[in-house]
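Student: Have a look at this fold, sequence not included:
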């Protein structure tokens, strides 16, 4: 590949297509989607996330480890506690868009198309 040539990441022949598929695979889990939704408003500990997503801390910790390896979440340690946050806004946007797409599958006018809807 010519280093001087800018390649659009959104073209069908993009070098990022396979990586994008890996991201979708990472998000193809309800617990991980719920964790991402819970982290939209800021960082949280494993125990906080476990309460929110109604899973054991051990289970949530395993999901967080996968999300961390995929660079979807990042950590901050404060004493003995580790806090998780979204690495950037893209995972949250992907999850929101997937939920919006799911709303379309129900028929009618999806909630996110109503003027009074606020994210």
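Tutor: Perfect, I can see it now. This is a predicted model, so every value here is computed, not measured.
Student: Which elements pack onto the top helix by length along the chain?
Tutor: The residue-count maximum for a helix in the chain (DSSP state H) belongs to helix 90-104. Secondary-structure packing of helix 90-104 (3 or more C-beta pairs under 8 Å, 6 or more residues apart in numbering; DSSP states H and E): helix 30-38. C-beta here means a position set from N, CA and C on the backbone, and glycine is covered the same way.
Student: okay, the residue nearest the centre of the chain: pLDDT?
Tutor: Central residue of the chain (C-alpha atoms, centre = their mean): residue 91, 3.4 Å from the mean position. Here, the pLDDT recorded for residue 91 equals 94.
Student: Need the nearest residue in space to it, chain neighbours excluded.
Tutor: With sequence-adjacent residues excluded and distances taken as C-beta to C-beta, 6 or more residues apart in numbering, residue 91 is closest to residue 72, at 4.7 Å.
Student: ok so, going back, the longest helix of the chain: which residues count as buried?
Tutor: By neighbour count with 16 or more other C-beta atoms under 10 Å, helix 90-104 contains the buried residues 91-92, 94-96.
Student: outside of that helix, which residues touch it?
Tutor: If you take C-beta atoms under 8 Å, 6 or more residues apart in numbering as the criterion, helix 90-104 is touched by 23, 27, 33, 36-37, 39-40, 72-73, 86, 110-112, 119.
Student: Now, the residues you listed that are in strands?
Tutor: 73, 86 (DSSP state E).
Student: out of the contacts of helix 90-104, which are buried?
Tutor: 23, 27, 33, 36-37, 39, 72-73, 86, 110.
Student: where's the dip in pLDDT among those residues?
Tutor: For the buried ones among the contacts of helix 90-104, the pLDDT minimum is residue 110, 77.
Student: Just to check, the residue nearest to residue 91 is in contact with residue 86?
Tutor: Yes. Counting by C-beta atoms under 8 Å, residue 72 touches residue 86, with 7.0 Å between them.
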